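*Asks:* Coordinates for the following, if possible.
(chains A and B)
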Amino acid sequence: MNHLDIEDFLSNSPYQIEQQEKEKILLPFLAQLSNQHAVACSPYGKILKARNKINESYASIQEIPFIPVRLFKEFKLTSIKDEDVIKTLTSSGTTSQTVSKIYLDRDTARYQTKALVTIMKNYLGNKRLPMLIVDHPNVIKDRASFSARGAGILGLMNFGRDVTYLLNEDMEIDFEELGEFLKKHPDEPIFIFGFTFMVWQYLLKPLHEQDKTISIPQGILVHSGGWKKLQEEAVDNNTFKKEIKTHTGVSSIHNFYGMVEQVGSIYMECKEGHLHAPIFSDVIIRDSFDWSELPIGESGIIQVLSILPHSYPGHSLLTEDLGHVVGIDDCPCGRKGKYFAVTGRIPRAEIRGCSDTHASEVSL
Amino acid sequence: MNKNVKNMRGWVQVLLPSEKQWDDKIFSQNILPLADQQVIGFISQLSQTILKNSEFRVHPELMAMGFWMRKAHVLKIIKENISQPLQGIRLARGVVFHIAPSNVDSIFIYSWFLSMLAGNINIIRLSSKSGEQINLLLKTLNDLFKLPEYSQIASRQMILSYGHDDRVTAYLSAHCDMRVIWGGDNTIQKIRQIELPPTAIELPFTDKFSLSLLDATAFLALDKNNKDKLIHSFINDAYWFGQMACSSPRLIVWKGDKEAIGKAKTSFWEGIHAYLSPEFAEISAADIVNKLVVSQSMAITADAVLPSTKNNLISRVQLNSLDELQTDLHCGAGLFYEYSINELKELMPLASRKIQTVGCFGVSSEELKKFISEQMPKGFDRFVSIGKVLDFSPIWDGYNLLDEFTRIINIGH
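*Replies:* Numbering: from 1, shown residues only, chains lettered A, B, ... in the order given. As a prediction, the model looks like this:
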């Protein structure tokens, strides 16, 4: 697949093609990526060789081999020369000390941006909107190495204008700044972006505790970043939405599912509350028993496929998230393809055995 | 009441005997005779209680323990493992402080009971994370300890629970004659920093790695019935304790020529798939993802081959060399490293202190003895038949425990 092909493809409307047709379109891209990365990225090549899948011809996207996302924490997985790296994305996992490192070249970075533009336009319209970021300005200070949070914010800043940070450096709501911003944009849609936990912890909680409300009825909130911390406080998506509406007046709320290992080809939530796979990516729900694909409604491990990662072998990844497909091609919102729900992370297994594997247990 | 006792009462919870508080008096109890009739009687009554009580049936590990404690078996252990010296008398060491593994398995019970048989006074630190099995066992033990005929025993045993408190560990260490530690390498290193009296000794049971050794030709020669039996035994060895016990086989070494090994492997894994149920294997989604990470890591770092399996209850990693064996990476839950050899001496790269049990099939004792006396390996603690690897033996990790728990008073002329 040459570059022109993929770039044409990326400017397509992301939700028009039905699943069966979509899989046929994705297959050659993904098969090519598997074979290409096997040559260019030696550790990845070794995995395919170990599974006897070198230069395999794949009959369906279900056959594309996957690697666990955690491998990006353990190994340097890159298909490009060091001098071609223009950006390194890192994510700190919630379960370990080590970070994922994702190496981007010019092409992959551009594909990511293009894909994101195509998806966001579908929700925000073609015009750039005044933008509020639920974070503090320093989060994007170090541009050489981005945290997942910084990278996400930078990526989405392209869709806004008059970008304003809602929090000050002490993580408090900057009411003054907000007041001025709203005064400048009284009658237009406002794009609000933040990480789910940040929105909850630093916007909703303080408003709730101080018994205050703000009013942004034309706001469109896009948020992401996982529910783990909120689940600990027993906050689900519905509670979250209700609280947003009560305290800010925002009623257009879109969560999205994405990860630093597959930036760009994100899964946005529609007004029905469903996460949608755009044309350049897809999900397959796997049964952990034998990796078989699970039917609609059955919960399993989420595998994510994306045609964007050309600089690293991240086009087919097994996540550590659980979810189920809600339906295919028939969401009332009109978007085609698979739509799904993420229900949580794989619960940690109990560590068993005759030895003490938690050294910290014995503090001496 | 002295200050230490008062402090200890605040720091520790006494689990056995229940309704007792910490008392320093336990340190000054006199030892009991070696293989005392009372102790043998107590152990065999506990065995009967376990084997008759329906609550224990759901815990196969406890049932196995109940069998181990039967009177006939205890007498056999005594007969086979206690040698009275020609000149002198063997006696218990005194106070033994046992530190049980934190993710409780029943294994420390065995060493405790052997120490009890030796006649020692035993103080056991149990992790606060103890599970249902241990609680059931504690309840049963507490009931027996209340009987007047066991008061002599009860006053010499104490099970404690306490949090991360070095002061307690230090206090008990300072008063013991022997310290037994079950734990990972880090745990043992940390506890070792706490001093023992100069005359005390220490017995560490650390993390170990175990394997199965099968002769391919012998395997292929089995009739269906015997093959099934072997498969069942292997499944028990591998899947109890989530393959995370020190003796659980995590590597399978096949001995024979290439062709025989190829055939044997196919037949072996088909057999395992046929008999292994998800209920028995008890493998979680997290385990399966861990296995995928380890397998693919081994492909990257060791050029291992990853044959496909019918389902994820079994994950196979074929090694090219035993030097690439990464024992710490292994996550259990039905992950099998595989390796082929022609002769036993090819096992030598494995022979580090880290290697414990070799579950054997089709390899004779003579062959093993020849291998050991010729090669003099640094590692390998035991060679037993497949199906017996999880049975606790009074010779463990290279120690004859009844020797270790006793001392000899030499009488010269």
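*Asks:* Going by C-alpha atoms from here, please, whenever you check contacts or count neighbours.
*Replies:* Will do.
*Asks:* Count the residues that sit near A:Ile67.
*Replies:* Residues contacting A:Ile67 under the criterion other CA atoms under 10 Å in any protein chain shown number 22.
*Asks:* correction: A:Pro130
*Replies:* 21.
*Asks:* In the helix or strand containing it, which residues are buried?
*Replies:* Element membership for A:Pro130, per DSSP states H and E: strand A:129-133. Residues of strand A:129-133 classed as buried by neighbour count (16 or more other CA atoms under 10 Å in any protein chain shown): A:Leu129, A:Pro130, A:Met131, A:Leu132, A:Ile133.
*Asks:* ok, so of the residues you listed, who is nearest chain B?
*Replies:* Compare each of those with chain B using CA to the nearest CA and the shortest gap goes to A:Ile133, at 35.1 Å.
*Asks:* mind listing what residue 188 touches?
*Replies:* Let's take chain A. When contacts are counted by CA atoms under 8 Å, 6 or more residues apart in numbering or on different chains, A:Glu188 touches A:Gln218.
*Asks:* Chain B, not that one
*Replies:* B:Ile181, B:Trp182, B:Pro204, B:Thr206 are the contacts of B:Ile188 under CA under 8 Å, 6+ apart.
*Asks:* which SS class is it?
*Replies:* Under DSSP: H, G, I helix; E, B strand; the rest coil, the three-state class of B:Ile188 is helix.
*Asks:* Next, give phi and psi for A:Asn52.
*Replies:* For A:Asn52, the backbone dihedrals are phi 60, psi 50 (criterion: degrees, to the nearest 10).
*Asks:* Who is A:Phe256 paired with across the strands?
*Replies:* Using DSSP bridges, the bridge partners assigned to A:Phe256 are A:Ser224, A:Met268.
*Asks:* Count the residues that sit near it.
*Replies:* Neighbour count for A:Phe256, taken as other CA under 10 Å: 21.
*Asks:* try the one 10 residues further on
*Replies:* Around A:Ile266 there are 25 other residues, counting by other CA under 10 Å.
*Asks:* Repeat that for A:Gln210.
*Replies:* Under the neighbour criterion other CA under 10 Å, A:Gln210 is assigned a count of 9.
*Asks:* For residue 346, give me the backbone phi and psi.
*Replies:* You didn't pick a chain, so chain A it is. Reported as degrees, to the nearest 10, the phi and psi values for A:Ile346 are phi -60, psi 130.
*Asks:* wait, I meant chain B there
*Replies:* The phi/psi pair for B:Glu346 (degrees, to the nearest 10) reads phi -70, psi -10.
*Asks:* now it: how far from chain A?
*Replies:* Distance of B:Glu346 to chain A, computed by CA to the nearest CA, to the nearest Å: 24 Å.
*Asks:* Quick check: pLDDT value at that residue.
*Replies:* Among the per-residue scores, B:Glu346 holds a pLDDT of 97.
*Asks:* try A:Glu350
*Replies:* A:Glu350 is assigned a predicted lDDT (pLDDT) of 45.
*Asks:* likewise A:Gly155?
*Replies:* In the predicted model, A:Gly155 carries a pLDDT score of 81.
*Asks:* next one: the one 4 residues further on
*Replies:* The per-residue pLDDT reported for A:Phe159 equals 89.
*Asks:* Tell me, how many residues neighbour it?
*Replies:* 21.
*Asks:* Just list the residues touching A:Gln67, thanks.
*Replies:* Heads up, residue A:67 is Ile, not Gln. Taking CA under 8 Å, 6+ apart as the definition of contact, the neighbours of A:Ile67 are A:Ser316, A:Leu317, A:Leu318, B:Val293, B:Gln296.
*Asks:* The contacts of B:Ile188 also near chain A: which ones?
*Replies:* Restricting the contacts of B:Ile188 to those adjacent to chain A (criterion: CA under 8 Å from any CA of the partner chain) gives B:Trp182, B:Thr206.
*Asks:* Would you format the contacts of B:Ile188 as TSV with neighbour count included?
*Replies:* Listed next are those as TSV, based on neighbours: other CA atoms under 10 Å in any protein chain shown:
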residue	neighbour count
B:Ile181	23
B:Trp182	22
B:Pro204	18
B:Thr206	21
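*Asks:* Point out the ones among the contacts of B:Ile188 that are inside strands.
*Replies:* Here DSSP state E is the test, and those give B:Ile181, B:Trp182, B:Pro204 as lying in strands.
*Asks:* and which of the residues you listed is nearest to chain A?
*Replies:* Nearest to chain A, judged by CA to the nearest CA, of the ones in strands among the contacts of B:Ile188 is B:Trp182 at 6.4 Å.
*Asks:* Can you tell me how far the most centrally placed residue in chain B is from A:Ile153?
*Replies:* The centroid of chain B falls nearest to B:Ile107 when counting by CA atoms, centre = their mean (5.2 Å). Relative to A:Ile153, B:Ile107 is positioned 53 Å away (CA to CA, to the nearest Å).
*Asks:* Next, A:Ile328: phi, psi?
*Replies:* For A:Ile328, the backbone dihedrals (degrees, to the nearest 10) come out as phi -130, psi 130.
*Asks:* Apart from its neighbours in sequence, what residue is nearest it?
*Replies:* A:Lys338 (4.4 Å; CA to CA, 6 or more residues apart in numbering or on different chains).
*Asks:* Next, count neighbours for the one you found.
*Replies:* Here the neighbour count serves as a burial measure; for A:Lys338 (other CA under 10 Å) it reads 26.
*Asks:* same question, B:Glu80
*Replies:* Using other CA under 10 Å, B:Glu80 has 10 other residues around it.
*Asks:* Assumed it was part of a helix.
*Replies:* Yes. Assigned with three-state DSSP, B:Glu80 falls within a helix.
*Asks:* Show me what the closest residue to B:Pro204 other than its chain neighbours is bridged to.
*Replies:* In space, and not counting its chain neighbours, B:Pro204 is closest to B:Ile181: 4.8 Å by CA to CA, 6+ apart. The residues listed as beta-bridge partners of B:Ile181 by DSSP bridges are B:Ile99, B:Pro204.
*Asks:* those strands in the stretch 251-364 of chain A, which residues are they?
*Replies:* Listed from the start of the chain, the stretch 251-364 of chain A has strands (DSSP state E, counting those that start in this stretch) covering A:252-257, A:267-269, A:275-276, A:281-286, A:300-306, A:316-328, A:338-345.
*Asks:* Now mean pLDDT too, for those, in TSV please.
*Replies:* Output for those, formatted as TSV (pLDDT from 0 to 100):
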stretch	mean pLDDT
strand A:252-257	95
strand A:267-269	97
strand A:275-276	98
strand A:281-286	98
strand A:300-306	98
strand A:316-328	97
strand A:338-345	94
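*Asks:* closest one to B:Gln318 among these?
*Replies:* strand A:316-328 (22.5 Å; CA to CA).
*Asks:* Name the surrounding residues that touch the closest one.
*Replies:* Under the criterion CA under 8 Å, 6+ apart, external residues in contact with strand A:316-328 comprise A:19, A:30, A:64-69, A:274, A:285, A:295-306, A:336-346, B:289.
*Asks:* circling back to that earlier point, list just the nearest of the ones in strands among the contacts of B:Ile188 to A:His223.
*Replies:* The shortest approach to A:His223 among the ones in strands among the contacts of B:Ile188 belongs to B:Trp182, at 47.9 Å (CA to CA).
*Asks:* I am finished for the moment; much appreciated.
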